[in-house]
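Student: just coords:
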């Protein structure tokens, strides 16, 4: 192959065989478990308290995904008794949701992991380039992984263009792609780590001040999802609301 694209995940074989080193790395921060319920009416919902984060997402066929995050330090305990730890996390963080879940039924097994690495790898070398979780992985708590992978694919193909068979042009394209990774995704990476600390006190106070300002609320969730940049979120309108509150 002229160029091998390693889009093969956090434990990338391409990265391992190519010897791609980590250029940025942070410790694991959370562990997470989730499953699917029927009979639990819901919208997209987030609940936080220190040490806990609960996400609720309506999915297909009337099912609702409920996901709980715990500190990484609790993984060895939580993994031995997932169901009671999960249900207690929901009860103590979102009592109303807990009641809705009691009236419904869990219809799938438990899924989860405590192995969420946080890193940027060397992005390219002679004949290879990394993409998606293979080049850059972060805690899943902001659910940006697949969004970032698509953006990286767009960046990579855009820079290469018709230069795949021109050695000099290809090397320039790959260097620009790596620069894009640093320029575009470092803020999202740090944002995910901030949420993964499971210390929502400052963020919770800010969100309280957004009540009644629907445009800013929409922009907040657009930022979390990746549709809006962090710089766009922290604009003059937001600062005015925070100063007035």
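Tutor: Happy to help now that I have it. Bear in mind that the values here come from a model prediction, so they are computed numbers and not experimental data. Numbering: from 1, shown residues only.
Student: need the longest helix for the chain.
Tutor: Ranked by number of residues, the top helix in the chain under DSSP state H is helix 167-196.
Student: can you pull out the strands in this protein?
Tutor: Secondary structure of the chain by DSSP state E: the strands cover 4-6, 22-26, 30-38, 45-49, 52-58, 63-71, 105-106, 111-113, 118-121, 124-125, 128-130, 136-137.
Student: Who are the contact partners of residue 17?
Tutor: If a contact means Cβ atoms under 8 Å, 6 or more residues apart in numbering, then residue 17 has no contacts. C-beta here means a position set from N, CA and C on the backbone, and glycine is covered the same way.
Student: Could you report the distance from it to residue 130?
Tutor: Here the criterion is Cβ to Cβ, to the nearest Å. By it, residue 17 lies 11 Å from residue 130.
Student: Likewise for residue 181?
Tutor: Distance, residue 181 to residue 130, using Cβ to Cβ: 9 Å.
Student: do residue 145 as well
Tutor: Distance of residue 145 to residue 130, given as Cβ to Cβ: 14 Å.
Student: ok, those two, which is more surrounded?
Tutor: Under the criterion of other Cβ atoms under 10 Å, the comparison of residue 145 against residue 130 puts residue 130 first, with 29 against 18.
Student: which non-adjacent residue is nearest the more buried one?
Tutor: residue 6 (4.7 Å; Cβ to Cβ, 6 or more residues apart in numbering).
Student: my read: that neighbour touches residue 13, true?
Tutor: Yes: between residue 6 and residue 13 a contact is recorded at 7.4 Å, counting by Cβ atoms under 8 Å.
Student: Does anything pack onto the worst-scoring helix or strand of the chain on mean pLDDT? Which helices or strands?
Tutor: Least confident helix or strand of the chain, by mean pLDDT, DSSP states H and E, is helix 230-233 with a mean of 72. Contact here means 3 or more Cβ pairs under 8 Å, 6 or more residues apart in numbering; DSSP states H and E; on that basis helix 230-233 packs against helix 167-196, helix 214-225.
Student: In the chain, where is pLDDT below threshold?
Tutor: Scanning the chain for pLDDT under 70 picks out 224-227, 230, 245.
Student: that older thread, so residue 6 and residue 13 - more neighbours on which side?
Tutor: For residue 6 versus residue 13, the count of surrounding residues by other Cβ under 10 Å is larger for residue 6: 23 against 11.
Student: what's the distance between the more buried one and residue 235?
Tutor: With Cβ to Cβ as the criterion, residue 6 and residue 235 are 37 Å apart.
Student: Mind listing the shared neighbours of residue 181 and residue 130?
Tutor: Joint contacts of residue 181 and residue 130 (Cβ under 8 Å, 6+ apart) are residue 123.
Student: count of residues packed around residue 127?
Tutor: If you count neighbours by other Cβ under 10 Å, residue 127 ends up with 11.
Student: Would you agree residue 108 is in contact with residue 35?
Tutor: Yes: the pair residue 108 and residue 35 qualifies as a contact (Cβ under 8 Å) at a distance of 5.2 Å.
Student: Compare these two and say which is more crowded by neighbours.
Tutor: Set side by side, residue 108 and residue 35 show more neighbours around residue 35, with 20 against 12, by other Cβ under 10 Å.
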